[in-house]
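Asker: all I have is the shape, not the residue letters:
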């Protein structure tokens with residue numbers, strides 16, 4: 001199963017805590033031509049100097065299709081182009097995003113984890129546009145998170161506690 005989850009929902013943490021169930025299938029190496037010494041941390045995301053890779057998002061969706069055979073749930077970002085291609089290929093996904101009132105909580109999360117002002121401008125500045133697009137998505141199954149919830153609160157072995 002593919003879980004397309006909004007930034008800050010805890011994809012990386014869930015994959016680290018439940019590695020037998022979930023894989024954090026990051027898109028940056030498929031989306032951008034990254035220099036060998038480039039910043040791959042939270043601070044490197046949404047870098048305006050990143051160069052878009054030819055073949056995006058087809059290269060990423062192709063890699064997702066290959067990875068699906070490994071038996072783990074894939075955690076991917078809610079990139080709208082990638083989601084459109086998954087829809088076009090009739091590949092099901094669950095789209096995970098926070099309730100609208102979580103905007104300040106997510107802004108705090110992004111600051112705490114070291115995201116850049118550019119990243120925050122995209123994901124907080126575009127908050128309503130993103131959520132509008134997710135709400136209009138009639139292909140994916142929706143998992144809407146409470147303002148302070150993370151994916152690990154609703155998925156994986158953390159629920160068995």
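Answerer: Ah, there it is. Quantities reported herein were computed from a predicted structural model and do not represent experimental measurements.
Asker: make it CA atoms for all contacts and neighbour counts henceforth
Answerer: Will do.
Asker: which phi and psi does the closest residue to residue 53 other than its chain neighbours have?
Answerer: Counting by CA to CA, 6 or more residues apart in numbering, residue 53 lies nearest to residue 32, which is 4.8 Å off, once chain neighbours are set aside. In terms of degrees, to the nearest 10, the main-chain angles of residue 32 are phi -120, psi 150.
Asker: how about residue 104?
Answerer: Dihedral angles (degrees, to the nearest 10) for residue 104: phi -70, psi -40.
Asker: with residue 142 instead?
Answerer: Dihedral angles (degrees, to the nearest 10) for residue 142: phi -100, psi 130.
Asker: list the residues that contact it.
Answerer: Taking CA atoms under 8 Å, 6 or more residues apart in numbering as the contact definition, residue 142 lies against 94-96.
Asker: where do the strands sit along the chain?
Answerer: Secondary structure of the chain (DSSP state E): strands at 2-5, 22-24, 32-33, 51-52, 73-77, 94-98, 141-145.
Asker: can you redo those strands as JSON lines with distance to residue 59 and mean pLDDT?
Answerer: Output for the strands of the chain, formatted as JSON lines (distance: least, CA to CA, whole Å; pLDDT from 0 to 100):
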{"stretch": "strand 2-5", "distance to residue 59": "16", "mean pLDDT": "98"}
{"stretch": "strand 22-24", "distance to residue 59": "17", "mean pLDDT": "96"}
{"stretch": "strand 32-33", "distance to residue 59": "11", "mean pLDDT": "88"}
{"stretch": "strand 51-52", "distance to residue 59": "12", "mean pLDDT": "88"}
{"stretch": "strand 73-77", "distance to residue 59": "14", "mean pLDDT": "98"}
{"stretch": "strand 94-98", "distance to residue 59": "20", "mean pLDDT": "98"}
{"stretch": "strand 141-145", "distance to residue 59": "24", "mean pLDDT": "98"}
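Asker: could you dump these to TSV with distance to residue 116?
Answerer: What follows is those, written out as TSV (distance: least, CA to CA, whole Å):
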stretch	distance to residue 116
strand 2-5	19
strand 22-24	21
strand 32-33	17
strand 51-52	17
strand 73-77	17
strand 94-98	21
strand 141-145	24
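Asker: for residue 130, which of those strands is the nearest?
Answerer: strand 94-98 (9.4 Å; CA to CA).
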